Structure formats: C-alpha cells, structure tokens
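> Sharing a sequence plus its predicted fold:
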There are 8 protein chains.
Amino acid sequence: GFARVDHHRPLRRGYPEVVYGEDKDASQILHILQAMAATGTPLLVTRVHEEKAAQICAAMPDMQYEPKARVLYKKGPISEHAVAQRLPVQVLSAGSSDIPVAEEAAVTAEVLGQKVQRFYDVGVAGLHRLLHLLDELSKAAVYVVVAGMEGALPSVVAGLVKRPVIAVPTSIGYGASFRGLAPLLGMLNSCAPGVAVVNIDNGFGAGYLASMIADM
Amino acid sequence: GFARVDHHRPLRRGYPEVVYGEDKDASQILHILQAMAATGTPLLVTRVHEEKAAQICAAMPDMQYEPKARVLYKKGPISEHAVAQRLPVQVLSAGSSDIPVAEEAAVTAEVLGQKVQRFYDVGVAGLHRLLHLLDELSKAAVYVVVAGMEGALPSVVAGLVKRPVIAVPTSIGYGASFRGLAPLLGMLNSCAPGVAVVNIDNGFGAGYLASMIADM
Amino acid sequence: GFARVDHHRPLRRGYPEVVYGEDKDASQILHILQAMAATGTPLLVTRVHEEKAAQICAAMPDMQYEPKARVLYKKGPISEHAVAQRLPVQVLSAGSSDIPVAEEAAVTAEVLGQKVQRFYDVGVAGLHRLLHLLDELSKAAVYVVVAGMEGALPSVVAGLVKRPVIAVPTSIGYGASFRGLAPLLGMLNSCAPGVAVVNIDNGFGAGYLASMIADM
Amino acid sequence: GFARVDHHRPLRRGYPEVVYGEDKDASQILHILQAMAATGTPLLVTRVHEEKAAQICAAMPDMQYEPKARVLYKKGPISEHAVAQRLPVQVLSAGSSDIPVAEEAAVTAEVLGQKVQRFYDVGVAGLHRLLHLLDELSKAAVYVVVAGMEGALPSVVAGLVKRPVIAVPTSIGYGASFRGLAPLLGMLNSCAPGVAVVNIDNGFGAGYLASMIADM
Amino acid sequence: GFARVDHHRPLRRGYPEVVYGEDKDASQILHILQAMAATGTPLLVTRVHEEKAAQICAAMPDMQYEPKARVLYKKGPISEHAVAQRLPVQVLSAGSSDIPVAEEAAVTAEVLGQKVQRFYDVGVAGLHRLLHLLDELSKAAVYVVVAGMEGALPSVVAGLVKRPVIAVPTSIGYGASFRGLAPLLGMLNSCAPGVAVVNIDNGFGAGYLASMIADM
Amino acid sequence: GFARVDHHRPLRRGYPEVVYGEDKDASQILHILQAMAATGTPLLVTRVHEEKAAQICAAMPDMQYEPKARVLYKKGPISEHAVAQRLPVQVLSAGSSDIPVAEEAAVTAEVLGQKVQRFYDVGVAGLHRLLHLLDELSKAAVYVVVAGMEGALPSVVAGLVKRPVIAVPTSIGYGASFRGLAPLLGMLNSCAPGVAVVNIDNGFGAGYLASMIADM
Amino acid sequence: GFARVDHHRPLRRGYPEVVYGEDKDASQILHILQAMAATGTPLLVTRVHEEKAAQICAAMPDMQYEPKARVLYKKGPISEHAVAQRLPVQVLSAGSSDIPVAEEAAVTAEVLGQKVQRFYDVGVAGLHRLLHLLDELSKAAVYVVVAGMEGALPSVVAGLVKRPVIAVPTSIGYGASFRGLAPLLGMLNSCAPGVAVVNIDNGFGAGYLASMIADM
Amino acid sequence: GFARVDHHRPLRRGYPEVVYGEDKDASQILHILQAMAATGTPLLVTRVHEEKAAQICAAMPDMQYEPKARVLYKKGPISEHAVAQRLPVQVLSAGSSDIPVAEEAAVTAEVLGQKVQRFYDVGVAGLHRLLHLLDELSKAAVYVVVAGMEGALPSVVAGLVKRPVIAVPTSIGYGASFRGLAPLLGMLNSCAPGVAVVNIDNGFGAGYLASMIADM
Ligand SMILES: Nc1ncnc2c1ncn2[C@@H]1O[C@H](COP(=O)(O)O)[C@@H](O)[C@H]1O
Ligand SMILES: Nc1ncnc2c1ncn2[C@@H]1O[C@H](COP(=O)(O)O)[C@@H](O)[C@H]1O
Ligand SMILES: Nc1ncnc2c1ncn2[C@@H]1O[C@H](COP(=O)(O)O)[C@@H](O)[C@H]1O
Ligand SMILES: Nc1ncnc2c1ncn2[C@@H]1O[C@H](COP(=O)(O)O)[C@@H](O)[C@H]1O
Ligand SMILES: [Mg+2]
Ligand SMILES: [Mg+2]
Ligand SMILES: [Mg+2]
Ligand SMILES: [Mg+2]
Ligand SMILES: [Mg+2]
Ligand SMILES: [Mg+2]
Ligand SMILES: [Mg+2]
Ligand SMILES: [Mg+2]
C-alpha cells in the first residue's frame, strides 16, 4: 500500500492517527479508514471537500461530515455523562470570516471527547463583545483563539484568564497579511504569557492540543 | 556645502525642515542649525546621542536636549494660552520599553506647538489599565500609539475612540519580532479602521503627523 | 447568528460598522444589513463582486453599487449644503491601473459624508501632470494617495502640501513588487514627513481615516 | 513612575507579573520588585546580565540569580511535599548550545511551583540518546523541547508521548538558520500533532505555559 | 530552432541532457527528443502532464510515461546483471503526500541506470516505522530523503547511516510552510552532517545526483 | 478620461509613452493609442493577450502583434539604412523557457529603432554554446541577458565583454526560485562589474534601456 | 599566492580588475597592487578603512585615498583635454547621508577616465531643488542616482531626462528600510522606464557601469 | 556533564562526532575531547577562535590548529600510501574572500582521511582561470565549490564535470546578498544538475559530505 497506518499510535499517544485529506482521493481515504475502523477508535479526516466526503459517506454510512469545518469523522464511544462533568474547551474567533478554522478546531476537540463552547466574532475592534463574556471565560480548561488580520485577540484573552491559550493565525486578511504571516508573528510575540501558537489555519492542530490539555 | 537646506519648507508645508541627526557629526548639525536659526522657526534634530548634543548645546545655548527621546530642539514662540485651548495629542505606549520612541513622538509634537498627554505602559496584557483611562481618552484630537511585540494596542484603542490613531511599531521584542516586522504587519492589518502606520521606531514621523492633524 | 453586529459602534466611534464582504455570501450580508438598516446609519459593504451585489440590491433596492470600487452602499441623510462648505478629501492615483483602489477610498469617504475630489494617473514618471495641479492641491483637508510599483507619489505629494497624506500601496506591478510589498515599504520609508500608510490595496481604510481627519 | 505594575494580575491570571529585564536598568528593576515584594508573590526577572543582577541582589538579598538562564528570582512559599506529588515538567534540549534557553524555561517553571526534570543534548543526530529515555519520558505532565538548527526534536518527542509538547526554537545555528527562523518554521509545521510553539529563544514563555498546564 | 541541444553533454558529464517539460509544448519536446534519439542515449523529460505525454508517446511509441512522477522516458540499453550487482539508491518519503516527488527521484535514478528501493510514509511522527527498516537502510549506496512540513526526516536518517543523504524539501504542508521554505531551511540546518539539499520539489535533481554518487 | 496621456514625453525623454496593457481592456487601450497615433510616434503596448490584440488590430489595422512577446506595436518611420549602420543590441537567453521575456526586450528595442541580434538557450550548464559566440559577442553596443533559475548568465557574459550588460531575471524555475527572487538577487550581486538589473520578467524595461544606451 | 590577478582583464573588458578591499589586509592588497602596478593601468581599491589606506600609501606613495568614499586609487594617464570634451557622468544623491555611496561612484568614474558632476541632497521631499537643476541635467551622458529610504529619486529623474539612469539604493534609513531592501525594491519597480539598478550601497558598481556607458 | 558524547557514532556513521566550538568555552571543549581521545578516532573541533585554540593546545599538545579555517584537529592514523591512491576531493573558491570557508572544508576532508586539492580565486568574472584547469578538474572524486556574491561558480563547474558538486554559499558580499541568501538561492536553483547545497558558510558540512562520497 502507499500508506503505512500507524496502528500503534492510540497506545503510544492516547489518540488515533488523524488523516490529512487534502491530497488524497476518496478511494485512498476509504482504504485507510477501513483499515482503522476495525479497532473501534474514533476516526477523523481533515481538509475534505464536499464531493469527496459524499463518496466516502456512501461507502461508510456511519461517518459524519461537517461542511463548515471540512471535516469527516466518526466519534468513538463517549460517555455523555463523563463529557458533561469536565471543564470545556472554549473556541473563540475574532471575525466571522475565521469561523471555518475555528470549527475545524471545535469539531476535532469534540471527536476526541471534549465538551466545546463556541464564541465567534468577538474581535478586539469591539471590545465590549469580549468583556460581556468574562464570566463564561472563567470556566474553561483551555482556550483556542482563532484570528486573522493582526491577530490581537489571543493576547487580549490571555491577559484576562488563568488557563492556556492556543492561538491559531488565519490567512484571512489582504495585502500585508501575507497569507497569515502577520497574525502568526503577532501571536508569537504576544505580550501576555500563556500563549502558544500553531500553524496558519491549523484548526485541527489547535483542537488536538486543546484536547490533550483538557484531558489532564 | 554638503547639505541644501530647504528654506522654502515652512511656507510650503507649514513646518520647518527637521534634521535627521543619526549620520551627521556635531559640526554638520551646527552648520545646518545656524543657517536655519536666523528665520526664527522652531528647530528640531532627531536621533542625537548625548555627547553630540552636549557639543552642539555648548555652541548654541538656547537649544534643549531631551535624552530619553534623543531629541535636540528649540521651541518657536508659542502662545501658552493658544496651546491650552486646543485638544491634546495623546501618546500611549504598550510597555515601558517603548518609552523612548513614545517620547520622540511627544517631544516632536510639543516642539511643533501641540499640547501633549502621555499614558505609558498600558498594553493589552492588563486591559484594565487602558479601560481606566476611557474618560480621558475621549478628549483627544488624535492618538499616537506606540507598541512593540505583537503591536495589538493601536487596534484596541481605535476600537474605543472617535479620532485617528497613528500606530508606531517598535523594534522591542526578540526573535520572531524580526526587529519590529511583527508589530508593523500587525498594525497594517488592524481590524479596527481609523489606524495608519509609520515606520518602525519612527516616533518623529508620528509626532509630526499628529501635529498636522491636531492643527486642523 | 454567525456574526455579532457592533450596534454600539456609531456611538463609540462616530461611524457605523462596515461590512467586509469578501468571504460572506449574499444572504449573510443581507442578514447583517437588515439588522443595521433600522438604525438609519449609512451602510457600507466592501469587496463585493457584481453578482453578489445584484442579489442584495434585489432585496434592498435602496442600496447602490459602484462596480469600479466593488462597493455597495446607502448614504445616510447628508445635508448637501454642509458637505459643500467643507474642505474636500482629495484622492490621487499614480497610474490608471490603481483606479479601483482609489475609487474604494473615494466612495468610502463620500458615504461617510465627505466631499471628494479625484486626480488620477498623475504618477511621478510625468511630473508636470502633478505640478499643473499645485493650486488645486492647496485646497484639501487631507490626501489619499494611491500608488503601485515603487510607490513614490505620496512622498512627492507630501513634499508639496501642508495637510496629512494617507498612502495606499497597491498590488499593481509585477515581479519584484511582490504583490505590493515594494510600494508598502517605500511609503513607510517616505523621506517627506506627514505620510501614514494603510494596508496594501486598502482603499476602504484610507477613505475611512481620511473622513475622520476631514471631520475635525 | 514609568511603569504601571499590574497588581491585579495574580488574582486574574494565577501568576504574578514577570519583569522583562532586558531594557531596564538596575534601579528601574529594583523599583518594580520592591513594589511587588510586599504582596508575597514569587518574583521573576528575565534577561538580566550578571552585573545588573549583582546590583539588585545587593539591595534585595533574598533574590537569587541563575547565570546560565540569566534569571533573577525569589520563589514564593512552596510546600516541598506538594511539589513532590505532582507530575514533573520535563525540559529537553537538542544540543548543548541550547542549554541557556532551556534553563530559562526550567527555572521559570520552578519559580512558579513546578517540579522540573532536565534532559539536555539529546538531539536527533544520535537518536539512541532519546530512545534510552523512553521510560522516563512517559512520566511527565508536559514537555518543553528546546532546539536550534532544524528544530526537529519536538516532532520526534511528540511522536513518542501522550502529553503536550511546547516547542522553543533557538537562534543557535548559522547562515540559513536566519537567527532561529528555520527551527521556528520547522516547529510550526510539525508533522506530529500535540506541538505548540513560542517565540525564538523564549524559554520564559515556554516555562510559564508549561507551568499553567502542569497546574491543571 | 528555439533550443540548442547540448549533444556534447553525455561525453562531458556522463549523462545526456534532460528535458524540462513544464513550459514546452508537445511539438517542442518531440523536436528535441527526435534530435537526441539518434544517439542511443537514455531519454528523460520531467514535469509532463498526462495529455502532453499521450501526444508524444503516440509519435514515439518507445517512450514510457510514469504518471505519478509526471516523467516521460526511454531507458538506455542497461545490463540487468550489472544493475543487480550494485548497491541500490534508497528513496524514502516522510508522508504519502510526498510520493510524487519521491517517484520523480526514483524514476530518474532508474533511467540513469540505478537499482532503486522505495520506503514511503516513514515520517518521524511514528519513528518505529523507520527503526524497523534499520537493517535494510544499512545496505544502500546513497539515500534520497523526501519530506514536506518540518522536513525532519533527513536529519534522523543521516544520524543512523554511513552514506550520503540527499534531502528534498516538498511544498506539501500549509500556512507557515510557505510552499516548502520551512523544510528547505530545516534541511539546510540539519544537525546531522552528511546531508545536502536540492531545490523544493526537485525530485529529478536528487535522483540525478544520487545516480552520480552510486556510479562511483 | 481615466488616463492622462503624457504627450510631452517624446520631447522630454526621446521616446513616447509606452502603454502597460495588463489591466486595461481593449477599448481603453484603443482610446489611448488613438490619442497618440496622430503624432506619428511609434506605438508600443506591452502585456497584451491574443484576443485583446485581435480586437485592437481590427480597429487599427496598422498595429502589429507579436504573440511570443505579447507585444502590440507600430514602428515609427525608421531609415533601414541608419539602422544597418549601428552596433546592434544583443539579446541572450539562458534557457528556452526564458524566450518570451527575451522577445519582449527584443521587440521593444526594435520598435524604438534598434538593430537586434538574438542568441537563445546559451545558459551556463553548457558553456561551449556561449564560448562559440565569443566573436559575435564582441560586436554589440549593449547586451540584454535574460535568465531564470540561478541567473548566472549575466555575470559570465559581463566577464567576457566590454559593453554594459542589462540583466533580466525571470520567474522561470520552481520552489526556491520564489518567482524570480533567486535570479534577481544573484544578478544584483554579480561578481563581474558592468551589470545592472531590471525587474523580474521586465523584458520591456531592458529593451527600452538598451535602446537608450545604443542611441548614444 | 592566495589571489589570481586577472591580468587579461583590461584587454578583454577595457578596464583593469578592481580590488574589493573589505576582507583583505594591507599586505594582501599591497601584494595585488604591486602585481598590477607594472602594467600602467589605473588602480582602484574599494571599501578601505583609513588605517589600512595609510599603511598602503606608505608603501606606494603614488596611491591616493579618498576618505568619504573609502576608496584608494591611482589614476591612469588621462588626457585632461579629452576628458573636458565629453559629456559628464552626473551623480545625484537624495540625502546628505547618502554621500559616501555617491562619492564611491563618482571617484570610480573619475579613475576610469570620466568627467563627473555632483548634485547632492536633492531628494523628492523638496522637489524645487531638483527642478532648479533641469537645465544642467539635460547635459549628461548618464546619471547615477543614489537614494536611501523609499528610493524615489531615480524614478523622478528618469521621468525628466533622455539618458540612462543607474539607480543605487543605500542602507540609509531605519526600521522598515530593512537595510536597503525598501529602496532596492522601489527602484526595481520604477514606473519610469530607463532605470537599471545595482546592489545596495554599491557605488563602485554604478560608477563603473556609468563609465562604460559614457565611453560609448 | 552538560554534553552527552555520542560514542556510538564512529560505529554507526563511520566518522566520530565533530565538536561545534562556537558557543563552548575552552574547558567544555577540553572535557569533550578528553572523553573522546581514548578511543583513537580523529578529533575535529570547528569554529574555534585563536585564543581558545591556544588554551586547548596547551593542555592537549597533539592537537593542531589551522587559523584560516578556525579548525582544531588531530588526524587519526592514516596510511599515507592509501591516501595517495585515491581520487582527490577538489575544493574551489570563487573569490579570495571565500578562502576561510573553503579551508574549513579542505581541512575537514583531510582530517577525515582524504587527499585534497585547492583551486582558489577562480570565479566566473574571469572564466579563463577556470578553463585553464579543465584537465585537472577531470581527475576528482567530488568537488566542493565555495562562492559568495551571486554564487554562480557551482553551476559552471557542474556543467563541465562528471562528478558530484557540493555547493557552499558564503556570506561574503554586501547589501542584497542578505548575508548569503543570494548565493544560497542561486545554488539551489542551479541549472546544471549534479549540484547539492549545504548551509551558508558551512565549510565543515561540505568537507564531511565530500569525504563520505570520496570514501565510496
Ligand atoms: N475592506 C474592509 N471592509 C470592511 N471591514 C474591513 C475591511 N478591511 C478590514 N476590515 C475590518 O474587518 C472586520 C470585519 O471582520 P468580519 O467580522 O469577518 O466581518 C471589521 O472590524 C473591519 O473593521
Ligand atoms: N511592461 C510595461 N509596459 C508599459 N509600461 C510599463 C511597464 N512596466 C512599467 N511600466 C510603466 O508603468 C506606467 C504605466 O502605468 P499606467 O498609467 O497604469 O498605464 C508607465 O509610466 C510605464 O513607464
Ligand atoms: N566594491 C567592490 N570593489 C571591488 N570589487 C568588487 C566590489 N564588489 C564586487 N566586486 C567584485 O568582486 C570580485 C573580487 O573578489 P575577490 O577575489 O574576493 O577580491 C571582483 O571580481 C569584483 O568585480
Ligand atoms: N560547524 C560544525 N561543527 C560541528 N558540528 C556541527 C557544525 N555545524 C553543525 N554541527 C552539528 O551540530 C551538533 C553539535 O551541537 P552541540 O551539541 O551544541 O555541540 C552536532 O550534531 C553537529 O553534527
Ligand atoms: Mg465582525
Ligand atoms: Mg508593563
Ligand atoms: Mg499612466
Ligand atoms: Mg551535542
Ligand atoms: Mg502517513
Ligand atoms: Mg536549454
Ligand atoms: Mg536633506
Ligand atoms: Mg578575485
């Protein structure tokens, strides 16, 4: 086969291998998913376009597709009760254009067993939108903060809370954003400690890491 | 002579030529200042180190030196009364390390005839420091907002006020700041409209532009 | 809803929230506009392609569309008389290829209540075109100067006038323009003080800031 | 004063404000530390050169200085027993040249109350050095992985463990490292999920975030 | 003609000129191939899309096309026996998305007379996949190691073997990969000596150089 | 009108204004050409796609179109005799993929009245191709040397001749060419003096400058 | 010896080899100069600091040193009469800080036999300074235009004259100049044709090329 | 100890660990060398300044120091006869300023048991210097080609020979060299196949790889 599935991963890392769907066709993805399905772990494929998803779901009807996040998944057997007990992962977005990346993070964390709360379009241009949420913000295990343009939101959030902030720069913006370079550098230089950064538009990576932290 | 003083400038632009002191020695600066002094305009030399300043002040005792801002100047004849009447230029800095650049802006605006108010160390990592100033912030003609690291402060300020914000990125920060590139890009991508940007560490340019706007 | 309209903005900032239309579909934009329409503020949506605009105008016939600027808008109730009294915002472009960005700035300023004058294709390769305008240039509140390629026009204009220059780099040019990086850096390094810079191709931001300044 | 100490921070964020010592002189640092000392929180100043540290310690003899990490600190009252109970923060470095940054992380985490284990010079050029540690690696709350050059170590570690990895790129290397850009980009593109990145040479930021995570 | 075929090359360099097919149309490629075919050297055209290949093969039926590698070729007269005797070129890929580039390298080396072994999808996120190959890895003349994202695989391989590693960065990855810049810089900064780097996605260049080395 | 034709240019600069056709539609170009045609100067429009050219030629049948160079032109009245007398402009290209840019330079120089000689596909990978031309190369007024990839050809040519070399980097190449940045930097750093550089893919600029020099 | 002097160069190229003095010590430079002195060509060494120059002049008293340009030279036997006949090379600088680079160009051209005119501190911030020179500017063979900051001067000059402009970006400026990148990109993107660019601060290269052109 | 010496390396990789001396003090280097000396392998420390070398040689008198290359070493027991039999590594430099990097490569290869030939100052500005060497060049196992500025030499050499070329960009040059970025990109984009690239100024890496290849 063209791919070596890392069956040992759930044992070693706690979570199964996640499939990066961008450059694989439907039959390649199916091939991998079917090899993994036997084990009963949750399944997650990211960066899947609508038509590809439809083809795969036709063959594996228990897979679900979330179009906003371009994510295909099957949750593992999760105790609803256990999830309800835990502190949630909170996912914030600065603008409404950042929502697809935020959703990729949110769905990833849910598939990996987390309770997720979403607060979208709360960017720093209208600070009261964030300040109104102060009470809610105090009740999270960890934050995923998604922002394009200047990427200021993670610093502001981190300055207000006690828990780790995972910052996700997006490629939303034009010109001197240089496809996400501006918020990426901004977030790496955050003046508020407690912020760590993942790749541009990498909602998946943020959701995964948030889940690891919330599991502690 | 090596330099052509632009004697026509006050007439054409409202303000006299300002001398960029970095690469000129004391005798060159003196030469230029003496050519200009006759006309009675205010005098301003930026980027002057302490010793150079001392040499020049020895020869022209009516020049003043502000070491934090590295600026040498002689104010023009300003009516204290007129200044008191006008709306001030407000200069804000995110951190205490940004103060030299903020001072360059503040002194420049003062030399050009403005009333200036300073609010330093009010960065977004502790937002309450800024929110406490909301009342005062509502009474300015224009804002100069100086920040290094991720440079988020101008966006936050612009989101709270009605007047133009001039953003000055500083080279304060390390590593992925890339000597001010991070806050520069951040400020250019501000999600809050009403922000314009000047060169990295260019306190002078910000103070000059602020003065032009406050003069309107 | 996916978006939190900042209804408080006109009060806080003097102008209403402006909708960034690039990544939103017609129904999302309509949703936001209808939420705002009740309040009677002017409405402005930027980066709207022709078909999207047609769909929206069909539902809200009092919206107008300016194709060159890709802007959709409804002016607020403006007193023609008041507008005529004030000093205009002057919008200059270096080449004829820069006109779409210049128009975005011009229409933005008009929607926000300004009188606007346009001088296009007056780049530095044929300086007499600009020098012929010297008289007219002396009668503005503020200048928006739009240029691609090396972006030299803002410096030259700033060297001739008493009022603030807002420089807008465009992505027009090829190769070593690096999609607008060349004029962006050029404008940030302007040797003439009194210049501030907005994002590449950001006509909207320049028109908004110019309007703020002209309102003073 | 030039600085506004954020006294509210321990309450809001769980940890006190940390002082960035690079651009402050001894008297400025003393001024801030004395304002904070009263409250009994731990004290931490980063990027302090030896002589500056000596001056401060002379005035505040209960401060300690760690020269390798260039860090000045006073631990808060920590129960040795409580520390012993918890899972440690593990700090790994790829080369021996990366140790100063690794120590900044380690001491930061210790001052904030963590138990810390150090594994230095375990870079991927000699993989057995890391594989020998597999057992020990399985017993951490979180990892800080410090590497210069190509910055491959965090990916390799993350591929072997269940807990979050905080990656710190260093400016160690020459030429095409471009002062840490190479490992920074490498770490952001890690093929192993569970990695987040902080600024180049930012040991402090990594130690702080690790401490937040270990506190959960 | 538009092209000057370097007929002298096989003599001077040991291998014939290879045709870069990207910007040439089918008739131009045919023209060149026919000029070279007479001499009996192997023929190799890289970066050829499927339809172009079909057109050319129709006219020159002894050409073969490998779609995964987008390579069109005719092997020279090779003694199977001689090939079997020699140490192979081993081609490794980190992910399955890197396979097209790896195949370009592998087919190039085969056309130039080498024995090639392929080990794909053995990236550092699951190190055991590589460690299982240790025995096989000890039996190569030279390694071509293809990786996108952080590009860590060449360092890890070089740390385990005695022979030269040719590292090929790919443009696979998103955001802060900046189209292959991240793995390119990573590979240039490899902490394990014995690694040299070719251009991003340049499978051909790696296969050619590997062949030169294996010929020694 | 949208464009201000610089009718004064032939007088001031010796050559007429050249139209940059990329972002203008056929009717805009026609409009400008017709305004200029009256004066009898040569006409030149660059970056014109085939269909646009056909539309314009339909309306102005004395215009000619050169598809390889994407250039539309009408030569002025040139004395064939005078042209024959002068030293030619020599245009060299490194690869056959660089020919469109080389042709833009060649046609530009011809339209401006020069005699042009073309030597294509003489890159440094097969040095004998260039060395065979040594005699011919000694008889030029000026050289336009077009190269992509590493852009080494201008240095090599300059090292062999007495006349100025105008170097044109092209965006031909992949990966670490970064769309022409590699040959651009290479040419700017030429170790052979006598080389000056124009923008990436700017055949027009090179042909224009070459013509100016050959006119001396 | 460590260096292979290219004795054949005057014959092949018209001018002798020029010595790059930056990284060579006085004895190495002497060694090379003495090897060349026999031939009677002019001698030129660039980037020589004062002390090194003194050491060399002590040993070769007919060498001259120009400290502003950091250039050491001995003119060849030039007929004053012949020089007076020719059109001069004109060297312009935008600011007075650019003078050292301008002088390197001017002295280089003089050593290679040209008549040189200097116009310094005529940048675009005060355009009248340049317009006053229009008459003089019309009498040159070629222009060397030296500018830092945004580097606008070459475009403006080229728009006014008939002869080639060689643009030299300098590293003068701060922050977003990125050590000369800003004017370099600006000059490469000049909207006025007839401009070619040399390396940042490369006065030598500009003077050499100008001399080649003036010799035609 | 602070460092974990990789004693297993000679077995695994054929060569011992090489010490990177830049950031280590004399006592740290001594500590490592003494741990390794027992085993009888050759010893190599790179990037050692003169004084540090003197201190170490005082304690370990059988170490030798090569100041041009800044390398400290002790050769292993090599059979002079065996060395004489083999094809040499040839090290070429473009300029005389590139010699220190070339020497680092040459000495590294010698310490690892190779026969080395040096050809310095043979850059492309005077091609005859290289062409005179054609015969000698045909008798190497592998080439290390060191060049700064535009870095064209490796392409030219590779176009003339049958064996692998290892290209080493140097930081020699100014301005738009951007500390070696220009030759680095140039070499990665070489139009001649058979070239691989190492880090800027990384003579050590090139010498090590050349030695590996020559050993085959
Ligand atoms: N061209 C633009 N038009 C409107 N808003 C813009 C533009 N550029 C940036 N913005 C800012 O982008 C934010 C809109 O983001 P979103 O919530 O995604 O609609 C607003 O706060 C605007 O201030
Ligand atoms: N390829 C090109 N063809 C024509 N003009 C060009 C080209 N590249 C740059 N230019 C310059 O761009 C300007 C045209 O701008 P525009 O007014 O938009 O047509 C002219 O002044 C030209 O000198
Ligand atoms: N400022 C400069 N002065 C002299 N030579 C230079 C300069 N810049 C580049 N060069 C070139 O660099 C080469 C000198 O290299 P080197 O052999 O190290 O002295 C010569 O071929 C020059 O053409
Ligand atoms: N010039 C160099 N000399 C020695 N080692 C080097 C050099 N450049 C990179 N390295 C690598 O850097 C590592 C040494 O890092 P350290 O543990 O800090 O001494 C070794 O694995 C070497 O392979
Ligand atoms: Mg919004
Ligand atoms: Mg502070
Ligand atoms: Mg025009
Ligand atoms: Mg080590
Ligand atoms: Mg895989
Ligand atoms: Mg060819
Ligand atoms: Mg001046
Ligand atoms: Mg030389």
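All right, it came through fine. Ligands and ions are numbered 1, 2, ... in the order given.
> what's near enough to touch the residue nearest to the spatial centre of chain A?
Nearest residue to the geometric centre of chain A (Cα atoms, centre = their mean): A:Ala105, 1.2 Å. The contact partners of A:Ala105, by Cβ atoms under 8 Å, 6 or more residues apart in numbering or on different chains, come to A:Val91, A:Val144, A:Val146, A:Val168, A:Gly203, A:Phe204, A:Ala206, A:Gly207, A:Ala210. Every C-beta, even on glycine, is put in place using the N, C-alpha and C of the backbone.
> in a helix, that's where the third one is, yeah?
No - when the secondary structure is assigned by DSSP: H, G, I helix; E, B strand; the rest coil, A:Val146 falls in strand instead of a helix.
> give me the number of residues near the closest residue to chain F within chain A?
For chain A and chain F, the shortest gap (Cβ to the nearest Cβ) falls at A:Phe178, measuring 12.9 Å. For A:Phe178, the count of nearby residues is 20 (other Cβ atoms under 10 Å in any protein chain shown).
> ok, for it, nearest residue in space, not its chain neighbours?
Excluding the flanking residues, the one nearest A:Phe178 by Cβ to Cβ, 6 or more residues apart in numbering or on different chains is B:Leu185, at 7.2 Å.
> how much space between the one you found and ligand 3?
Using Cβ to the nearest ligand atom, to the nearest Å, we find B:Leu185 at a distance of 33 Å from ligand 3.
> before we move on, the earlier item: among the contacts of A:Ala105, which are in helices?
Within the contacts of A:Ala105, residues falling in helices by DSSP state H are A:Gly203, A:Phe204, A:Ala206, A:Gly207, A:Ala210.
> Using the three-state scheme, assign A:Leu11.
Secondary structure state of A:Leu11, per three-state DSSP, is helix.
> my guess is A:Glu66 meets A:Cys57, correct?
No - contact criterion Cβ atoms under 8 Å: A:Glu66 and A:Cys57 do not qualify, at 11.7 Å.
> hey, what's in contact with both of the two?
A:Leu72.
> one step back: could you check how far the residue nearest to the centre of chain A is from C:Ala35?
For A:Ala105, the distance to C:Ala35 equals 27 Å [Cβ to Cβ, to the nearest Å].
> which ones are touching A:Ile200?
Counted by Cβ under 8 Å, 6+ apart, A:Ile200 has contacts A:Pro169, A:Thr170, A:Ser171, A:Arg179, A:Gly180, A:Leu181, A:Pro183, A:Leu184, D:Leu188, E:Tyr174, E:Gly175, E:Ala176.
> A strand includes it, no?
No - per three-state DSSP, A:Ile200 lies outside any strand segment and is coil.
> Let me see the contact set for A:Ala69.
Counted by Cβ under 8 Å, 6+ apart, A:Ala69 has contacts A:Pro100, A:Glu103, A:Glu104, A:Ala106, A:Val107, A:Gly203.
> close to chain D, is the helix or strand bottoming out on mean pLDDT in chain A?
Using mean pLDDT, DSSP states H and E, the weakest-scoring helix or strand in chain A turns out to be helix A:80-85, at a mean of 78. No - contact of helix A:80-85 with chain D (Cβ under 8 Å from any Cβ of the partner chain) is absent, the minimum separation being 14.7 Å.
> Report the buried residues of that helix.
Using 16 or more other Cβ atoms under 10 Å in any protein chain shown as the test for burial, helix A:80-85 gives no buried residues.
> ok so, going back, point out the ones among the contacts of A:Ile200 that are inside strands.
A:Pro169 (DSSP state E).
> Sort the contacts of A:Ile200 by pLDDT and name the bottom one.
Lowest-confidence member of the contacts of A:Ile200: E:Tyr174, scoring 87 (pLDDT).
> how about the nearest residue to that residue, chain neighbours excluded?
Leaving aside its sequence neighbours, E:Tyr174 sits nearest to A:Asp201 (Cβ to Cβ, 6+ apart; 6.1 Å).
> Now that neighbour: phi and psi?
Main-chain torsions, A:Asp201, degrees, to the nearest 10: phi 70, psi 10.
> I figured it hits A:Thr170, correct?
Yes - in this structure, A:Asp201 is within contact of A:Thr170 by Cβ under 8 Å, at 5.5 Å.
> Which neighbours do the two have in common?
With Cβ under 8 Å, 6+ apart as the test, A:Asp201 and A:Thr170 both reach A:Val101, A:Gly180.
> ok, these two, which is more surrounded?
Neighbours were counted for A:Asp201 and for A:Thr170 using other Cβ under 10 Å; A:Thr170 has more, 29 against 24.
> Please name every helix or strand in contact with the helix or strand containing A:Leu44.
Under the criterion of DSSP states H and E, A:Leu44 resides in strand A:43-46. In terms of contacts (3 or more Cβ pairs under 8 Å, 6 or more residues apart in numbering or on different chains; DSSP states H and E), strand A:43-46 is packed against strand A:19-20, helix A:26-37, strand A:71-74, helix A:99-111.
> what distance separates the start and the end of stretch A:107-119?
14 Å (Cα to Cα, to the nearest Å).
> Endpoints of stretch A:146-155, how far apart?
This stretch, stretch A:146-155, spans 11 Å end to end (Cα to Cα).
> With stretch A:151-160 instead?
One end of stretch A:151-160 to the other measures 16 Å (Cα to Cα).
> follow-up on the earlier one: ligand 8 is nearest to which of the helices and strands packed on strand A:43-46?
In terms of Cβ to the ion, the element of the helices and strands packed on strand A:43-46 nearest to ligand 8 is strand A:19-20, at 32.7 Å.
> Tell me if the closest one is near chain D.
No - on the criterion Cβ under 8 Å from any Cβ, strand A:19-20 is out of touch with chain D, staying 9.2 Å away.
> That strand close to ligand 9?
No - Strand A:19-20 does not reach ligand 9 (Cβ under 5 Å from the ion); its nearest approach is 8.0 Å.
> hang on, the earlier thing: any idea how far the residue nearest to E:Tyr174 lies from A:Leu44?
Applying Cβ to Cβ, the value for A:Asp201 to A:Leu44 is 17 Å.
> Flag every residue of chain A that's near chain B.
When proximity is defined as Cβ under 8 Å from any Cβ, chain A approaches chain B at A:94-95, A:123-127, A:148-152, A:155-156, A:158-160, A:173, A:175-178, A:181-183, A:185-192.
> number of nearby residues for the closest residue to A:Ala59 other than its chain neighbours?
The shortest distance from A:Ala59 to any non-neighbouring residue, by Cβ to Cβ, 6+ apart, is to A:Leu30 (5.6 Å). Residues lying near A:Leu30 (other Cβ under 10 Å) number 19.
> Could you list which residues are in contact with A:Leu30?
Applying Cβ under 8 Å, 6+ apart, the residues near A:Leu30 are A:Ile56, A:Ala59, A:Met60.
> and which of these is nearest to ligand 4?
Ligand 4 lies nearest to A:Ile56 out of these, by Cβ to the nearest ligand atom, at 44.2 Å.
> returning to what we had before: where does the residue nearest to the centre of chain A land on pLDDT?
Model confidence at A:Ala105, given as pLDDT, is 98.
> Same question for A:Leu134.
Reported pLDDT at A:Leu134 in the predicted model: 96.
> try A:Asp98
As predicted, A:Asp98 sits at a pLDDT of 96.
> was I right about it contacting A:Gly173?
No - the criterion here is Cβ under 8 Å, and A:Asp98 misses it with A:Gly173 at 10.0 Å.
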